[in-house]
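Participant: Provided below for reference: sequence and predicted model.
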Amino acid sequence: RFINRRIQDNKTNSAEVDVIIPSGDLSSVERIKKHSSDLLVGDIIELKKDSRVPADIVVLKTFNESNDNQAFIRTDQLDGETDWKLRKAPGATQAMTDLQLFTNCSNINCEPPSKLIYSFTGVLNCSNSDGPQKEPLNLENTMWVSTVVASMKIIGIVIYTGKETRAIMNSSVPKVKIGILDKELNSNNIYLFVIMFLLSLILTICRRAESNFVIILLKFVVLFCAIIPISLRVNLDVSKTYFSFVINRDKDIPETIARNSTIPEELGRISYIFSDKTGTLTKNEMVFKKIAMETEQFGEENFNDLNSILSDECKSIDAPLYDLVMPREKLNEINTSLPDSLSDSGRIGSIGSEKRKSKKVRRHRNKIVRDTITSMVLCNNVTPVFDEEDMSKVSYQASSPDEVALVKFAETINMRLIGRTDKEIKIRDSADNIEEFEILANFPFSSDTKRMGIVLKNKKYGHIIYYLKGAESIMVKFVEKEYISYITENAENLATKGL
């Protein structure tokens, strides 16, 4: 174990990192290679996708398809969380060139080294055409050592190295783990030793040896030492080492690593598993199985019905919730232009604005289906990433796997997220229309509020939508009283099915 640790440390310390340095006359920059162990505070480094961060850094620039200041990291080696975390570059440095990072940025004032991985405060001092300016820094602007860049390349400046990094300050000397079988064997050996010694003492006394009492006692001890099973200890250690070797190479459980030789015997003693959440014992990948709406539920067996409803609705109007704000004349015009293949129940209801204000509107279930699926694509913090070689291949970056599952499900029924920045979201609906939304406000999810919200403005029609999602215990506070029991009942029913 210690040998493997030393090998891994040498590999990490000798990993090469691209360091950006300015020329002597500050007219250009160049990139040189440095070992991770040679990095110094103030070095500006460039990290590519899937690169492990070699030191605690502040992000200065990010590169992605959206040309915004966002990036994602994986922190499973730091805090055990498999969710991706969002990181942002300061607005002042995101627009700078590599050379301007040296000429326009003077220094960064940051807090002393700390063990707190979820907290950071600092100030970036730089200058531009408007003169000197200061920009506050927080946790979103940092990447700690041992995290992995999950998005495209980033440029950052080193702020802590070596023993001052968050990961090292939170590390401690590992305890020596002893298996239950080892403890039982140790206690039994003590009992056997006492029995052996007493037996040797009794036989020595029976021989009435006065002059050579100690020598005769030692002879009996040597004679009866076979009572203690020394070979059992050797066989146990050899077998545990062999079983760990077999686990590492078992084709039925790929990528499994037995990091301790006591793993084989501990696995054989498991009776109950208590897991705090999804991801601790799983791959943390979610698949969308069922959705419960105001009028009915849809499962995997009738997702095709959802696709058909969504397609018809998107053909009638290329915006969600527009039937609630659209003028009567426009509604009648759209209903007249719809093909005969659409039933009357699928047409947009004509409701005057005066009637909407005076009476509660009960919308058709097709409208609810359309808006629910659209909300899955819009109400999240998911960013699509397209493959550079094949633009038809897309992956999704997000801090939560359930948000990715929702977006992927919407994609299967032809409602696709095709672009996202800090300021706008673009989707392609099932009728192949491009719907664009301006982000007016974003309220990210937190463990305190247990919900997230986003305020969007449809760029084509101008109406504003506020989407809100969260835990059912929180969301029941924001719905009509008549729906509370329905939501609670459906949430409990889905939970009993493991959803």
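Facilitator: Now that the structure is in, tell me what you want to look at.
Participant: By residue count, tell me the biggest strand in the protein.
Facilitator: strand 434-443 (DSSP state E).
Participant: Give me the packing partners of the next helix or strand after that strand, helices and strands only.
Facilitator: Counting by DSSP states H and E, the next helix or strand C-terminal to strand 434-443 is strand 451-458. The helices and strands touching strand 451-458, judged by 3 or more CB pairs under 8 Å, 6 or more residues apart in numbering; DSSP states H and E, are strand 434-443, strand 464-470. Every residue, glycine included, has its C-beta placed from N, CA and C.
Participant: Generate JSON lines for those strands, with mean pLDDT as supplementary columns.
Facilitator: Supplementary listing: the helices and strands packed on strand 451-458 in JSON lines, determined by pLDDT from 0 to 100:
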{"stretch": "strand 434-443", "mean pLDDT": "90"}
{"stretch": "strand 464-470", "mean pLDDT": "90"}
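Participant: State the next helix or strand along the chain beyond the lowest-mean-pLDDT helix or strand in the chain.
Facilitator: The weakest-scoring helix or strand in the chain, judged by mean pLDDT, DSSP states H and E, is helix 353-358 (a mean of 43). Next helix or strand after helix 353-358 toward the C-terminus (DSSP H and E): helix 365-378.
Participant: Could you check how far that following helix is from the centre of its chain?
Facilitator: Offset of helix 365-378 from its chain centre (CA atoms, centre = their mean, to the nearest Å): 26 Å.
Participant: ditto for stretch 187-204
Facilitator: Taking mean C-alpha positions (CA atoms, centre = their mean), stretch 187-204 and its chain are 57 Å apart.
Participant: quick one: contacts of it?
Facilitator: F213, I216, L217, F220, V221, L223, F224, C225, I227, I228, P229 (CB atoms under 8 Å, 6 or more residues apart in numbering).
Participant: What subset of the residues you listed is buried?
Facilitator: Buried subset of the contacts of stretch 187-204 (neighbour count, 16 or more other CB atoms under 10 Å): I216, L217, F220, V221, F224, I228.
Participant: taking those one by one, which sit in helices?
Facilitator: I216, L217, F220, V221, F224 (DSSP state H).
Participant: TSV for the residues you listed, including pLDDT?
Facilitator: Formatted as TSV, those follow (pLDDT from 0 to 100):
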residue	pLDDT
I216	87
L217	86
F220	87
V221	87
F224	87
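Participant: just those residues now: which is nearest V234?
Facilitator: Nearest to V234 among these is F224, at 19.9 Å by CB to CB.
Participant: where's the nearest residue to the closest one once chain neighbours are set aside relative to I190, distance?
Facilitator: Excluding the flanking residues, the one nearest F224 by CB to CB, 6 or more residues apart in numbering is M196, at 4.7 Å. As judged by CB to CB, to the nearest Å, M196 and I190 stand 11 Å apart.
Participant: coming back round to it: would you turn the helices and strands packed on strand 451-458 into TSV with distance to L310 and mean neighbour count?
Facilitator: TSV is the format used below for the helices and strands packed on strand 451-458 (distance: least, CB to CB, whole Å; neighbours: other CB atoms under 10 Å):
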stretch	distance to L310	mean neighbour count
strand 434-443	13	15
strand 464-470	17	16
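Participant: now the helices: where do they sit in the stretch 1-150 of the chain?
Facilitator: Under the criterion DSSP state H, counting those that start in this stretch, the stretch 1-150 of the chain contains helices at 2-13, 76-79, 91-94, 100-103.
Participant: Compare those and report which one is nearest to E140.
Facilitator: Of all these, helix 91-94 comes closest under CB to CB, at 12.0 Å.
Participant: can you pull out the strands in the stretch 101-250 of the chain?
Facilitator: 105-110, 122-128, 131-137, 142-143, 148-149, 154-160 (DSSP state E, counting those that start in this stretch).
Participant: my guess is I309 contacts V369, does it?
Facilitator: Yes. Under the criterion of CB atoms under 8 Å, I309 makes contact with V369 at 4.8 Å.
Participant: So for those two, which sits in the more crowded spot?
Facilitator: V369 (24 against 21; other CB atoms under 10 Å).
Participant: and the gap between S14 and E135?
Facilitator: S14 is 35 Å from E135, by CB to CB.
Participant: Over to Y272?
Facilitator: Y272 is 51 Å from E135, by CB to CB.
Participant: With T372 instead?
Facilitator: Taken as CB to CB, the span from T372 to E135 is 39 Å.
Participant: residues in contact with the residue nearest to S28 when sequence neighbours are not counted?
Facilitator: Closest residue in space to S28, ignoring its immediate chain neighbours: L99 at 6.5 Å, by CB to CB, 6+ apart. Under the criterion of CB under 8 Å, 6+ apart, the neighbours of L99 are P22, L26, S27, S28, V29.
Participant: Drop anything exposed from these.
Facilitator: Buried among the contacts of L99 by 16+ other CB under 10 Å: P22, V29.
Participant: Of the contacts of L99, just say which sits nearest to F437.
Facilitator: Taking the contacts of L99 together and measuring to F437 by CB to CB, the closest member is V29, at 38.0 Å.
Participant: Not counting sequence-adjacent ones, nearest residue to the closest one?
Facilitator: V29 sits nearest to D98 (CB to CB, 6+ apart), 4.8 Å away.
Participant: Q77 too?
Facilitator: S146 (4.5 Å).
Participant: sorry, back to before: residues near the residue nearest to F224, how many?
Facilitator: What M196 shows, counting by other CB under 10 Å, is a neighbour count of 18.
Participant: Just to check, L310 is in contact with N414?
Facilitator: Yes. Counting by CB under 8 Å, L310 touches N414, with 7.0 Å between them.
Participant: Please enumerate the shared neighbours of the two.
Facilitator: Joint contacts of L310 and N414 (CB under 8 Å, 6+ apart) are D429, S430.
Participant: These two: which has the busier surroundings?
Facilitator: Just comparing L310 and N414: by other CB under 10 Å the higher neighbour count belongs to L310, 23 against 16.
Participant: How confident was the prediction at that one?
Facilitator: Note on L310: pLDDT of 87.
Participant: element containing it, please.
Facilitator: Here L310 is assigned to helix 303-316, by DSSP H and E.
Participant: Show me what counts as buried in that helix.
Facilitator: So, applying 16+ other CB under 10 Å, buried residues of helix 303-316: F303, L306, N307, I309, L310, S311, D312, E313, C314, K315, S316.
Participant: re earlier: show me how far the longest strand of the chain is from its chain's centre.
Facilitator: Worked out by CA atoms, centre = their mean, strand 434-443 lies 23 Å from the chain centre.
Participant: Likewise for stretch 156-169?
Facilitator: 22 Å.
Participant: next one: stretch 138-147
Facilitator: Centre to centre, stretch against its chain (CA atoms, centre = their mean), the figure for stretch 138-147 is 14 Å.
Participant: what does stretch 21-29 give?
Facilitator: 38 Å.
Participant: cool, stretch 434-449 as well?
Facilitator: With CA atoms, centre = their mean, you get 18 Å for stretch 434-449.
Participant: Show me the contact partners of it.
Facilitator: Contacts of stretch 434-449 (CB under 8 Å, 6+ apart): 318-320, 378, 381, 400, 418, 422-429, 451-460, 464-465, 470, 474.
Participant: same deal with stretch 233-242?
Facilitator: So stretch 233-242 is contacted by G179, L181, D182, L185, S261, T262, P264, E265 (CB under 8 Å, 6+ apart).
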